[in-house]
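K.L.:
My questions are about this predicted structure, shown below with the sequence.
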Amino acid sequence: MDPGSTCGRPGRLALVLATLLAAPASALEPYAIAGDAIPAALGGVSGDAARGRAVVLDRTRGNCLICHQVPEPGEPFQGTIGPALAGAGARLDVGQLRLRLVDASLLNPKTVMPPYFRTEGLRDVAPQFRGLPALNAQEIEDVVAYLASLRTP
């Protein structure tokens, strides 16, 4: 038997399985950056604009309204720190929108835009949220779909 094999070695196999099971369930889907964009959807999932709108408007999840204005006249207390999101889909393609959501600091290290899909190098994260992205891959893709649908300034 090969000395590196786990066959016939229950102790080593258990260690390998324990290591795999102990890996964080929140492991982020890998992505590749091309220029100023992430061209491929995170995790290969498709976004839904209606779900993305809900994330953008939800002040406990995306909390986008704290900094941005969206074309939602009935939504009070919209921010002005970041750019207005009306027309975002006409200004940026889906890959550019995706990178800005994933981690805008990759484009501008001094940005105040939070990284919604990064877990490392963050400050002041409550213990129950450490190691978790602010939005998961599906939520990122949903927000990208919503923002891409905003074509009119």
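P.N.:
In hand now; what should we look at?

K.L.:
Tell me who's in contact with P114.
P.N.:
A134 (Cβ atoms under 8 Å, 6 or more residues apart in numbering). The C-beta positions use only the backbone N, C-alpha and C, and glycine is treated the same way.

K.L.:
which SS state does it fall under?
P.N.:
With DSSP: H, G, I helix; E, B strand; the rest coil as the basis, the three-state label of P114 is coil.

K.L.:
Low-confidence stretches in this structure?
P.N.:
For the chain, applying pLDDT under 70 flags the ranges 1-26.

K.L.:
all strands of it, in order?
P.N.:
Across the chain, reading from the start of the chain, there are no strands by DSSP state E.

K.L.:
any chance you could map the helices in it?
P.N.:
For the chain, the helices identified by DSSP state H occupy 10-22, 49-57, 88-91, 94-103, 137-149, in order along the chain.

K.L.:
Extract the C-alpha trace of the last one and format it as PDB.
P.N.:
This file holds the C-alpha atoms of helix 137-149, laid out as PDB (Å, rounded to 0.1, in the frame of the first residue of the first chain):
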ATOM      1  CA  ALA A 137     -23.100  35.100  -4.600                       C
ATOM      2  CA  GLN A 138     -26.800  34.800  -5.400                       C
ATOM      3  CA  GLU A 139     -27.600  38.200  -3.700                       C
ATOM      4  CA  ILE A 140     -24.700  39.800  -5.600                       C
ATOM      5  CA  GLU A 141     -26.000  38.500  -8.900                       C
ATOM      6  CA  ASP A 142     -29.500  39.600  -8.000                       C
ATOM      7  CA  VAL A 143     -28.300  43.200  -7.200                       C
ATOM      8  CA  VAL A 144     -26.300  43.200 -10.500                       C
ATOM      9  CA  ALA A 145     -29.400  42.200 -12.400                       C
ATOM     10  CA  TYR A 146     -31.400  45.000 -10.800                       C
ATOM     11  CA  LEU A 147     -28.700  47.600 -11.300                       C
ATOM     12  CA  ALA A 148     -28.300  46.500 -14.900                       C
ATOM     13  CA  SER A 149     -32.000  47.100 -15.400                       C
END
